[in-house]
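**Student:** Got a predicted model here, sequence first, then my questions.
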Amino acid sequence: MSGKKGFGTTLKEWIFTTDHKRVGILYLIGSFAAFAVAGVIALIIRMELSTPGADITDPNTYNVMLYFHGAAMILGFQIPALTGFLANYLLPLQIGAKDVAFPRLNALSLWLFWMGIVLALLTFVIPNPPDIMWTGYPPYSIVSPGNTAFYTFTVLIMGFASIAGGVNLLTTIIYMRAPGMRWFKLNMFVWCTAAAFIIQLVFVPVLGSAVTMLSFDKYLGTHFFDPSAGGDVLLYQNLFWFYSHPAVYVILLPMLGIMFDVIATFARNRIFNYKVAVLGGVGGIVLMSGEVWVHHLYTSGMPDWIRIGMMVSTILISIPVGICVISMVGTLYRGAIQYKTPMLYAVGFIFLFLIGGLTGIPHAVAALDLHLQDTHFVVAHFHYVMAVSGTFAVIGGTYYLFPKMSGKMCNEGLGKIGFALTFIGSNLTFFTMFLVGLDGMPRRYFDYSHMPELASLHQIITYGAFILGLGVLVTFINWIHALIWGKKAVDNPWGSKSLEWTTTSPPGPGNWAEVPDCTNFDPYAYGED
Amino acid sequence: MRKVNLINLFVVAVLSLTFYGEARGEYGRTPDTSIDPSVIQIDEGKYLGAKLDGEVELEDSKGKSFKLGDLYGKPTILVFSYFNCDGACPTISRDLKRAVGKADGIVAGKDFNVVTISFDKSDNRDEANKFAMMTGTNLEGWRVAITRDTEDISRLTESAGYKFFWSPRDGAFIHPTVFIFLSPEGRIVRYLYGASLGGTDIRTAIAEADFGTPGKSKVRDLSDLFLIACYSYNYKEGKYSLNYPLFIAAGAFIFSLSLTVFGILIFKRKVRR
Amino acid sequence: MLIRRIYMSVFLLLVTVCTASTSFASLGVREPEEEGYHLWGVSDPAEGFHHLWEEVMIDIFAIGIIFSLITIYLLIKYRRRYEGQEGSPPKLTKISRVGWVLIPVFIFMADDLFIAAEGWTLWNTYRTPPENSYEIELESAMWSWNFTYPDGVEAMNELRVPVGTPILLRMTSRDVVHSLFLPDFKVKEDSMPGRVTYMWFLPKDAGEYVMTCAEFCGVMHSMMHGKVIVMEENDFNTWMAEEKAKLGKGGA
């Protein structure tokens, strides 16, 4: 289409777009840019850690890189890719809406997100970059020479973006479903994102208030978190995790949702126990998400009985998550599984998520966590449960949606190579990290010369990280290759029954020529026609 | 940072003794020296959590002897005084009595003990009795005591980080005016200063004392929990102040939660139509 | 067919009830102090850690392997055999729907509560220092660990302790949040300004152990490490006497 119009016109169209599909694709580009940069940073971090002692950076730069890796991966990649890109692109298509409820608000949240990305990237340009990690615990974030304001503003801007996006898409789900699209006809992805947005709306303001008070402390001389003047250090940690634990579910839920849809499509099967997965699994996660945050603070000097109470609630949250996973695996039962690239990612996701989830159990047990907390064990755990699983979900989802978004097919061979490399790489990296952590390697360490016996394991991790990086690179190459030279895709290359595949690939403005009638529609009607 | 603030605190304390003492009358004869307040400053960070020896033998104003450890099992408010003091000591005892009286829901003797121990070696039981009468603290749960062994005085005060000395020029002891809150185990939980304490300060400190015992933190009732959450100790002022960031964050949370619920309610009404 | 189904459901019900009841029974969490009770008969948290760790590992490996085997079996068994094959989803009755929630929930819950109960008891061991503990004060600062022994002897980054005596550390911080981590004693706890925290451990064998900081505290975070030197009782007393003598000289 850009052939006829000039490049400038096209660019202008994209920048001023209010179309949910373009907004989604711009989210995709932004979040993958953050992912790529933060990923390269991760490789540098791994190179530094492959041997004890200082190798290629100095502690200061290293801490800044760690800060950037955390902030950019969570605020710049995971949340925007799952609740920005996937939700914006897929959600209106799956409910049969022509666009989102407030297209301009959508564009606003998109550009706020891009501002956040730029702000995060500026970390490497400004004179005193923040080195306070993505958690920003005071008093270090107050006394640190780094520029805490950058952290605060990134968090606030991303927070605004996700609140705006949340209001927008929730309204869309509620009011803009196609005629006949009843609640229990919705795709799992729609349910999961709706749940994620509810969590966002309720919890983001708490984090917003916490980081605002933090920067007031640093720049305006207030004493919100200064113990010498009536503040409380622990309170920030509580407020931070009061949002940031639910944020894990904000990432987890859309990731489960997209994987549910991918698995249903390629297993040619209904979601197993759909209603229960929605009400018990997704609903249960939303209800329980806000009452487990103290498990991040088992070693932080909270009163003992709070830690024990939260231990029980933390262990119990495995129940709704377990219900979701059972439904996911149950979907395979009596299916007819086709192993296309997106499905491979979904299968990989199940196993990675399983490892991540199960290693959460020793963390949840407070007595064991006294040893595991703040070591590489917890790093490996959350990389399994949200970083790698999330990446698999996003990449798998992108593969799944690629024909719809671009009208081109990806190369299956390259896709499978990419999958194999990422799968091997992630397991090599993060499973070894469990062992290192168990041996007592604390996280956020620049140097471990006092534990030289860990060097060989660290080397394996570094090799693993590079394999993982190579896998992601192959995936990127595959996508770019497919964009330029890919075969033309038909409207429904996967033979999915879900609503988004009934329109053209790529969908035109307004998505459908006329709004589809969903009276007899069922997104998972496999094997019944 | 904390050091500076504590110095401020004692500057304020000593200045108030120096300048306003005579004018207000109640502090009576006060030292007119400008003593460096850091001399008697308590390094709270170092002594919080320290365990006081329960074996110290004491004798109260009625002549009954007991050990400091006999009081353990409940929170204890420990006040160091000397009985010939006609300045701060009786005043702060009266202040404490007033503040405890204002603290609703807790009763001295039942929920906690108060013990005033003399650090003056020359004090005896009669003076203790006189002091108790004068300050009106000869009550249930209140004890005014002297140590049996004068050696114990310095041991006890040192282990609490409490410093004092005789100033011959002023003819008085120079000492901090502090209430030391002990946990049921005899560990120091909190230092509260000054004469302007309110009932809430006392209640919060007692709740914290009940609460902060290693291994046995317990809650007596929910209001204790509420107090501990809503108030945080202000090292600069030596008493509790409201925990503003908690209220701000809770406000943000309630705001967003109610907006979401409100939105859902509106949606439900629309659907019914 | 019907009979088999009934058998199956009765069996599953029995399994669920058994696991649930054993776990609820074990919920009678016991305080180590009361009745002198300790999990697995050990009063040393680190040893308790190893026991519980083994149990949890067996538990999660069992769940993981069973679950993976089922998944792999499904992945192979139900692969697409011919072009255009569609799945034939099982028709769930209302009872089986509910069953598929309740049975996994009960199994999860039984397992969870079982682990939680043991974890709780071990937690009590971890958080209840023995009466005869040797109490040492710790003030952390950027970037060192400063210990003060009961007699005023001070040490920096080297914690010398006698073998076999429970060590209780009372911690606070001068500046930012730190976390004292003793990997060999399987314990850590944050130290922070304005609050007092504590932890205890039992040094069993003489030797040198790593002590390191686990909470990010600035540029030198990874260099904030030291040693726990566990000494024989006599050596420790000699060292203590020497230090006290030095202290006396310094003070005089």
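**Tutor:** Perfect, I can see it now. This one's a predicted model, so the numbers in the text were calculated from it and none came from an experiment.
**Student:** So, low pLDDT: which residues of chain C?
**Tutor:** Regions of chain C meeting the criterion pLDDT under 70 cover residues C:1-42, C:249-252.
**Student:** can we see that at 80?
**Tutor:** Along chain C, segments meeting pLDDT under 80 span C:1-43, C:92, C:101-102, C:104-105, C:108-109, C:112, C:248-252.
**Student:** For it, just list every one of the strands.
**Tutor:** For chain C, applying DSSP state E gives strands covering C:134-141, C:144-148, C:154-156, C:158-162, C:167-173, C:178-182, C:187-191, C:197-201, C:207-213, C:225-231.
**Student:** all helices of the stretch 301-450 of chain A, in order?
**Tutor:** Assigned by DSSP state H, counting those that start in this stretch, the stretch 301-450 of chain A shows helices spanning A:304-316, A:318-330, A:341-358, A:360-364, A:366-372, A:376-382, A:389-406, A:412-438.
**Student:** Can you name the residues that contact the spatially most central residue of chain B?
**Tutor:** The centroid of chain B falls nearest to B:Phe179 when counting by Cα atoms, centre = their mean (3.1 Å). Contacts for B:Phe179 (Cβ atoms under 8 Å, 6 or more residues apart in numbering or on different chains) come out as B:Ile77, B:Leu78, B:Val79, B:Ile92, B:Leu96, B:Tyr191, B:Leu192, B:Tyr193, B:Leu197, B:Ala205. The way it works is simple: take the backbone N, C-alpha and C, and place the C-beta from them, glycine included.
**Student:** Name the helix or strand for the closest residue to the second one other than its chain neighbours, please.
**Tutor:** This points to B:Leu78. With sequence-adjacent residues excluded and distances taken as Cβ to Cβ, 6 or more residues apart in numbering or on different chains, B:Leu78 is closest to B:Ile180, at 4.2 Å. Assigned by DSSP states H and E, B:Ile180 falls within strand B:178-182.
**Student:** Skip ahead from that strand and say which helix or strand is next.
**Tutor:** strand B:188-193.
**Student:** Paired strands for that next one, with orientation please.
**Tutor:** strand B:178-182 (antiparallel) (DSSP bridges).
**Student:** Give the rounded mean pLDDT of the strand it pairs with.
**Tutor:** Taken as a whole, strand B:178-182 carries a mean pLDDT of 90.
**Student:** What confidence value was assigned to the closest residue to the residue nearest to the centre of chain B other than its chain neighbours?
**Tutor:** Among residues not flanking B:Phe179 along the chain, B:Leu192 sits closest, at 4.7 Å (Cβ to Cβ, 6+ apart). On pLDDT, B:Leu192 comes in at 89.
**Student:** residues in contact with B:Leu192?
**Tutor:** B:Leu192 makes contacts with B:Val178, B:Phe179, B:Phe181, B:Asp201, B:Ile202, B:Ala205, B:Gly238, B:Lys239, B:Tyr240, as judged by Cβ under 8 Å, 6+ apart.
**Student:** Using a markdown table, lay out the helices of the stretch 301-450 of chain A together with distance to C:Thr121 and mean neighbour count.
**Tutor:** Output for these, formatted as a markdown table (distance: least, Cβ to Cβ, whole Å; neighbours: other Cβ atoms under 10 Å in any protein chain shown):
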| stretch | distance to C:Thr121 | mean neighbour count |
| --- | --- | --- |
| helix A:304-316 | 11 | 20 |
| helix A:318-330 | 20 | 23 |
| helix A:341-358 | 22 | 24 |
| helix A:360-364 | 16 | 23 |
| helix A:366-372 | 8 | 26 |
| helix A:376-382 | 22 | 24 |
| helix A:389-406 | 33 | 25 |
| helix A:412-438 | 22 | 20 |
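**Student:** Can I get those helices in TSV including distance to chain C and mean pLDDT?
**Tutor:** Below are these laid out as TSV (distance: least, Cβ to the nearest Cβ, whole Å; pLDDT from 0 to 100):
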stretch	distance to chain C	mean pLDDT
helix A:304-316	4	83
helix A:318-330	5	89
helix A:341-358	4	94
helix A:360-364	5	90
helix A:366-372	4	92
helix A:376-382	10	94
helix A:389-406	15	94
helix A:412-438	9	94
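**Student:** could these be laid out in a markdown table, adding distance to B:Tyr47?
**Tutor:** Below are the helices of the stretch 301-450 of chain A laid out as a markdown table (distance: least, Cβ to Cβ, whole Å):
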| stretch | distance to B:Tyr47 |
| --- | --- |
| helix A:304-316 | 22 |
| helix A:318-330 | 43 |
| helix A:341-358 | 45 |
| helix A:360-364 | 35 |
| helix A:366-372 | 26 |
| helix A:376-382 | 34 |
| helix A:389-406 | 48 |
| helix A:412-438 | 36 |
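**Student:** Of the ones you listed, which is nearest C:Lys94?
**Tutor:** With Cβ to Cβ, the closest approach to C:Lys94 among those belongs to helix A:318-330: 16.5 Å.
**Student:** Please name every helix or strand in contact with the closest one.
**Tutor:** For helix A:318-330, the packing partners by 3 or more Cβ pairs under 8 Å, 6 or more residues apart in numbering or on different chains; DSSP states H and E come out as helix A:233-266, helix A:274-276, helix A:283-288, helix A:341-358, helix A:360-364, helix C:45-77, helix C:94-127.
**Student:** Pick the most deeply packed of those helices.
**Tutor:** Of the helices and strands packed on helix A:318-330, the one with the most neighbours on average (mean count of other Cβ atoms under 10 Å in any protein chain shown) is helix A:233-266, at a mean of 26.
**Student:** do that one and chain C meet at all?
**Tutor:** Yes: counting by Cβ under 8 Å from any Cβ of the partner chain, chain C is contacted by helix A:233-266 at A:Val233, A:Leu234.
**Student:** Show me what from the stretch 301-450 of chain A comes close to chain B.
**Tutor:** Where the stretch 301-450 of chain A comes near chain B, counting by Cβ under 8 Å from any Cβ, the residues are A:Pro303, A:Asp304, A:Trp305.
**Student:** and C:Ala155, how many neighbours does it have?
**Tutor:** C:Ala155 has 17 neighbours, counted by other Cβ atoms under 10 Å in any protein chain shown.
**Student:** I'd say it and C:Ser144 touch.
**Tutor:** No: counting by Cβ atoms under 8 Å, C:Ala155 sits too far from C:Ser144 to count as a contact (10.5 Å).
**Student:** for stretch A:114-127, what is the average pLDDT?
**Tutor:** Per-residue scores along stretch A:114-127 average to 89.
**Student:** ok, which residues in the stretch 1-150 of chain B are in contact with chain C?
**Tutor:** So the stretch 1-150 of chain B meets chain C at B:Arg2, B:Gly45, B:Lys46, B:Leu48, B:Gly49, B:Ala50, B:Lys51 (Cβ under 8 Å from any Cβ).
**Student:** Repeat the analysis, applying 6 Å as the threshold.
**Tutor:** Residues of the stretch 1-150 of chain B found near chain C (Cβ under 6 Å from any Cβ of the partner chain) are B:Gly45, B:Leu48, B:Gly49.
**Student:** Mind checking which residue lies nearest the centre of the chain?
**Tutor:** Picking chain A for this. Closest residue to the average C-alpha location of chain A: A:Gln78 at 2.7 Å, with Cα atoms, centre = their mean.
**Student:** ah, no, chain C please
**Tutor:** Note: chain C centre (Cα atoms, centre = their mean) maps to C:Phe49, 5.7 Å.
**Student:** residues contacting that residue?
**Tutor:** Counting by Cβ atoms under 6 Å, 6 or more residues apart in numbering or on different chains, C:Phe49 makes contact with C:Lys186.
**Student:** again, only using 7 Å
**Tutor:** Contact analysis of C:Phe49 by Cβ atoms under 7 Å, 6 or more residues apart in numbering or on different chains lists A:Ala367, A:Leu368, A:His371, C:Lys186.
**Student:** Pretty sure the last one sits against C:Asp44.
**Tutor:** Spelled out, it's C:Lys186. No: look at C:Lys186 against C:Asp44 with Cβ atoms under 7 Å: they stay out of range, at 9.6 Å.
**Student:** I'm done for today, thanks for sticking with me.
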